[in-house]
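In: everything below, folded, please.
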Amino acid sequence: MSAPTDPAGESVALEALLLARARLYALFHKLFGAAPDAAAIEALLGEATADAVDEYAEDDETMRGFGRFLSELAAVEGRAALLEAARDEHVRLLVGPGALPAIPWEAPYRTGEPTVFQEGTLAVRAAYRARGVQPGKMQRVPDDHVALECAFMALEARRSLAQLIACDVCALAAGLRAQQSFAVEHMAGWLGEYAKGLRRSATAVLYPQAAEALAAFVALDATFLAEAALWAEEVSASGEKFEALGAVAGSPEAQMFAAAEEALAALEQAGFTVAVNRDLPPNDGCISFGQAVVAWASSKEEGEQPCA
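Out: Residues are numbered from 1 along each chain as shown. Here you go, the predicted structure:
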């Protein structure tokens, strides 16, 4: 993100990315933390996940490929068969009892020793505690397990979103810097090797692709966090005040956003596929663009040559 010239407007773009990364980290946490159930598969193949992946697909071929992979899975009939295969793959790649093709926690990639609760594990625990977090499965699952690291980042992403909405840019900047440090120091350095290990698996139903996407996503996220933290720091230093759209409870914007979210949820629950503007604004500019497209299409049908 560039130096802030329109903090309120720029916060809208930042909010979209914070929402996307919170969803993706939560999804990866669920996938790698337990055998998937029907709800997890539906979330993985849903429109919200596709939109979140698209936020990062423009800048990365791996994320584009993951988006295509999810789209292909979503188009296949027989979700029950996919669920069963994914559950089997989860057990074989992340649980055992056989030898795992790749160890799903961080420390062995740092030391070369395939043991749990090493010094690096305690460093991850310290990073959690510095942010007031203690994993629910502490002492049973290594703190540096891929699922717990994703859960931590999902929680931090939601906190950052709340801080943005509250316009607490000082806390936002500090939180984004902490997440950047965690992504660089505890995730980016080993997830690529982990993904390569899963690719040696005899099957590739879901988890090898998900691991590759996670590694690519974390690398992109580290860059985003550095830029977003700098933006928040500059807004904080400038002393400029702004209110994020929908931040004030009871305001017309907040009521509008709440009503829109309720309507979208109700329509999707009723079986409708809801199209929401993303690349063009929902105003006269979008209408004008549509009129131009219609005019262009009409000229093509009539054999007219477009203006140079």
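In: burial count for residue 154?
Out: 20 (other C-beta atoms under 10 Å). Just so you know, the C-beta spots here come from the backbone N, C-alpha and C atoms, and that holds for glycine as well.
In: for residue 31, that is, sorry about that
Out: Residue 31, neighbours per other C-beta under 10 Å, totals 25.
In: and after the strand or helix carrying residue 184, which helix or strand comes next?
Out: Per DSSP states H and E: residue 184 is located in helix 169-186. Per DSSP H and E, the first helix or strand lying C-terminal to helix 169-186 is helix 191-199.
In: about what we covered before: could you give the angle of the helix holding residue 184 to helix 191-199?
Out: Going by axes from the mean of the first three to the mean of the last three C-alpha atoms, to 10 degrees, helix 169-186 is angled at 50 degrees with respect to helix 191-199.
In: chain center to helix 169-186, what's the gap?
Out: Remark: helix 169-186 is offset 16 Å from the chain centroid, using C-alpha atoms, centre = their mean, to the nearest Å.
In: next: stretch 193-207.
Out: With C-alpha atoms, centre = their mean, you get 21 Å for stretch 193-207.
In: give the contact list for residue 224.
Out: 17, 21 (C-beta atoms under 8 Å, 6 or more residues apart in numbering).
In: buried ones in the helix or strand harbouring it?
Out: Assessed by DSSP H and E, residue 224 sits inside helix 207-238. For helix 207-238, the neighbour count (16 or more other C-beta atoms under 10 Å) marks 207-222, 224-226, 228-236 as buried.
In: so residue 142 belongs to a strand, correct?
Out: No. Secondary structure of residue 142 (DSSP: H, G, I helix; E, B strand; the rest coil): coil, not part of a strand.
In: I'd say it and residue 122 touch.
Out: No. Here residue 142 does not reach residue 122: they are 10.2 Å apart, not a contact under C-beta atoms under 8 Å.
In: out of the two, which sits in the busier spot?
Out: residue 142 (26 against 13).
In: just how off-centre is stretch 131-145 within its chain?
Out: Relative to its chain's centre, stretch 131-145 lies at 21 Å (C-alpha atoms, centre = their mean).
In: just the CA trace of that stretch, in CSV.
Out: Only the C-alpha atoms of stretch 131-145 are listed here, as CSV (Å, rounded to 0.1, in the frame of the first residue of the first chain):
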residue,chain,number,x,y,z
ARG,A,131,-0.1,-11.6,21.8
GLY,A,132,-2.1,-13.0,24.7
VAL,A,133,-2.9,-16.4,23.0
GLN,A,134,-2.7,-19.9,24.4
PRO,A,135,-3.6,-22.8,22.1
GLY,A,136,-6.5,-25.0,23.4
LYS,A,137,-4.5,-28.2,22.6
MET,A,138,-1.4,-27.1,24.4
GLN,A,139,0.8,-30.0,25.5
ARG,A,140,-1.0,-32.4,23.1
VAL,A,141,-0.1,-30.8,19.8
PRO,A,142,3.2,-29.0,19.2
ASP,A,143,2.7,-25.2,19.3
ASP,A,144,4.5,-25.0,15.9
HIS,A,145,2.1,-27.4,14.2
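In: so where's the stretch 151-300 of the chain uncertain?
Out: Scanning the stretch 151-300 of the chain for pLDDT under 70 picks out the ranges 241-300.
In: how about the helices of the stretch 1-150 of the chain, start to end?
Out: Assigned by DSSP state H, counting those that start in this stretch, the helices in the stretch 1-150 of the chain fall at 7-33, 38-44, 47-57, 61-75, 79-90, 107-111, 119-130, 146-165.
In: which outside residues touch the second one?
Out: I take that to be helix 38-44. Counting by C-beta under 8 Å, 6+ apart, 27, 30, 31, 36, 49, 70, 73, 79, 82, 83, 86 sit against helix 38-44.
In: residues contacting the second one?
Out: In this case it means residue 30. 36, 40, 43.
In: just to revisit the earlier point, tilt between the helix holding residue 184 and helix 7-33?
Out: 40 degrees.
In: so which elements touch helix 169-186?
Out: helix 119-130, helix 146-165, helix 207-238 (3 or more C-beta pairs under 8 Å, 6 or more residues apart in numbering; DSSP states H and E).
In: show me this structure divided up by domain.
Out: Listed by automatic domain parsing, the domain ranges of the chain are 7-238, 246-275, 277-308.
In: which of those domains sits most buried?
Out: Neighbour counts averaged per stretch over those are highest for domain 7-238, at a mean of 18; criterion: mean count of other C-beta atoms under 10 Å.
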